[in-house]
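Novice: Pasting the sequence and the predicted coordinates here, then a few questions.
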Amino acid sequence: MSVQIELLPDPVRHGLATTGGVQCEQKAVITVDHETFEQIWTPSTLELLARTYWRFLSKRSLGAIRVVYRPDSQTVVLFSKRIPLLRFDSPTFQTDTDSAYVEWRIDKGLLVARAGRDHGYLRIEVKNQGECEDDGGGKRHRLEVSAEVSNFYPWIRGSGWFARVGTWIYSQTQLRTHIWVTKGFLRSLEDLPDEVLKAGEDPDREPADN
């Protein structure tokens, strides 16, 4: 099973704004053989992709960060539900012929400024970029995967006279960490086809509350 991952350059940023919502997006191109494409280009793969993201976040943080699930929300917590970093509404899924995405609206949390509650979102999107040929003349498919946080109001940025300093602190800490984790997640999609094939044998388990 042949899967190739190419991380795309981050969009050029000319400095973060000291007010309003922040946007951050990372992209990768995944090239797969035709057989693998037929296996993963299904609506159920999008749901698996969403679960894979949260599992990767917990794994990368050595279990310090995990997700607490509720019927109408899911909360990213630090160690336990007593420290809710980010609370999201239940995910929404959108599929089309050549694209699909899963989106979580940001509700609130310790990392979210009061002015940004129920404003931003996290979205993972997959676009089918069509067929191409490999060196042997075989048929391959290119998929563009993006992970985007949009209209996020970071609490650490603060406001007023502190906002300029707070924006720098955010860019050097929370934002850098988010980009590092997201790029790691995109690289890990090399294993996604295997996850699809064993999904029926390895169902997602929701973490227990502390």
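Specialist: Done, it's in. Residues are numbered from 1 along each chain as shown.
Novice: Distance check, W161 against T42.
Specialist: Taking CB to CB, to the nearest Å as the measure, W161 falls 52 Å from T42. C-beta coordinates here come from the backbone N, C-alpha and C atoms, glycine included.
Novice: ok, the two, which is more surrounded?
Specialist: In terms of neighbours (other CB atoms under 10 Å), T42 is the more surrounded of W161 and T42; the figures are 13 against 8.
Novice: Ramachandran coordinates for that one?
Specialist: Backbone torsions of T42, given as degrees, to the nearest 10, read phi -140, psi 160.
Novice: swap in I40?
Specialist: For I40, the backbone dihedrals are phi -100, psi -20 (criterion: degrees, to the nearest 10).
Novice: Identify the bridge partners of Y121.
Specialist: In this entry, Y121 is beta-bridged to R105, S150, by DSSP bridges.
Novice: Measure how buried it is and give me the count.
Specialist: Residue crowding around Y121 was assessed by other CB under 10 Å; the count is 17.
Novice: give the contact list for it.
Specialist: The neighbours of Y121, taking CB atoms under 8 Å, 6 or more residues apart in numbering as the test, are 103-106, 149-151.
Novice: quick one: it from W54, how far?
Specialist: Using CB to CB, we find Y121 at a distance of 15 Å from W54.
Novice: Nearest residue to the middle of the chain?
Specialist: By CA atoms, centre = their mean, the chain has its centre lying nearest to A147, at 4.5 Å.
Novice: residues in contact with that residue?
Specialist: The neighbours of A147, taking CB under 8 Å, 6+ apart as the test, are 25-27, 53, 122-124, 182, 185-186.
Novice: between these, which has the most around it?
Specialist: Ranked by the number of neighbours (other CB under 10 Å), the contacts of A147 place T182 first, at 26 neighbours.
Novice: Which elements pack onto the strand or helix carrying that residue?
Specialist: For T182, the element it lies in under DSSP states H and E is helix 174-188. Here helix 174-188 touches strand 3-7, strand 22-33, helix 43-60, strand 139-152, going by 3 or more CB pairs under 8 Å, 6 or more residues apart in numbering; DSSP states H and E.
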